[in-house]
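1. make a model of this:
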Amino acid sequence: MSIQDPIGNMLTIIRNGQIAKKHNIIVSYSKIKESIIKILFNEGYIKKYNLFKINNFKKILIYLKYFLNKPVISEIKRVSKPSLRIYYNYKNLPIIYSGLGVLIISTSLGLLTNKEAYRLKVGGEIICYIF
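-> Prediction:
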């Protein structure tokens with residue numbers, strides 16, 4: 001059975017891992033998933049991540065982050081889905097939780113946060129937001 005939305009599936013695995021208070025989780029590898037996880041790491045939402053192989057299949061090991069026994073990621077949600085794509089110009093990018101949250105946007109320059117996209121003046125498809 002194939003997964004229709006692998007990015008949404010990865011976000012659900014992260015959300016469920018945080019709810020279950022797991023220290024680490026494993027997701028299957030793709031370049032876009034690695035880019036999203038890299039942004040999560042750079043923004044301080046996860047401790048670290050490692051790439052490894054199991055039976056010639058690449059996987060990503062994600063170490064989840066907690067503060068005072070509560071998950072650092074309180075909300076992670078997929079915005080643009082395969083069935084409904086959502087695009088924004090850089091001038092109209094939504095602000096998540098008064099600027100405390102982060103939008104991940106797929107642009108012509110690759111995946112960027114909303115702050116980077118505004119600074120570089122590029123719009124694109126909104127993948128997800130994290131708070």
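2. outline the domain layout of the chain.
-> As assigned by automatic domain parsing, the chain contains the domains 6-71, 76-130.
3. save those domains as JSON lines, and put in mean neighbour count too.
-> Glycine gets a C-beta too; all of them are placed from N, C-alpha and C. Written out in JSON lines, the entries for these read as follows (neighbours: other Cβ atoms under 10 Å):
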{"stretch": "domain 6-71", "mean neighbour count": "15"}
{"stretch": "domain 76-130", "mean neighbour count": "16"}
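4. Ser74 versus Tyr97, what's the distance?
-> As judged by Cβ to Cβ, to the nearest Å, Tyr97 and Ser74 stand 9 Å apart.
5. need the residues touching each of the two.
-> Shared contacts of Tyr97 and Ser74, defined by Cβ atoms under 8 Å, 6 or more residues apart in numbering, comprise Phe131.
6. just to revisit the earlier point, got the domains of the chain as JSON lines, with mean pLDDT columns?
-> Listed next are these as JSON lines, based on pLDDT from 0 to 100:
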{"stretch": "domain 6-71", "mean pLDDT": "96"}
{"stretch": "domain 76-130", "mean pLDDT": "94"}
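7. for this structure, what spans make up the strands?
-> Here the chain has its strands, by DSSP state E, at 24-28, 46-54, 57-64, 66-67, 70-71, 76-78, 87-88, 102-107, 110-113, 124-130.
8. max-length helix in this protein?
-> Taking DSSP state H as the criterion, the chain has its longest helix at helix 6-19.
9. now it against strand 124-130, angle please.
-> Counting by axes from the mean of the first three to the mean of the last three Cα atoms, to 10 degrees, helix 6-19 lies at 10 degrees to strand 124-130.
10. chain center to helix 6-19: distance?
-> In terms of Cα atoms, centre = their mean, to the nearest Å, the gap separating the centre of helix 6-19 from the centre of its chain is 9 Å.
11. that helix vs strand 102-107, what angle?
-> Relative orientation of helix 6-19 and strand 102-107, computed by the same axes, to 10 degrees: 160 degrees.
12. any residues touching helix 6-19, and which ones?
-> Helix 6-19 is contacted from outside by 3, 24-25, 27-28, 30, 32-33, 36, 62, 64, 71, 73, 76-78, 81, 127-128, using Cβ under 8 Å, 6+ apart.
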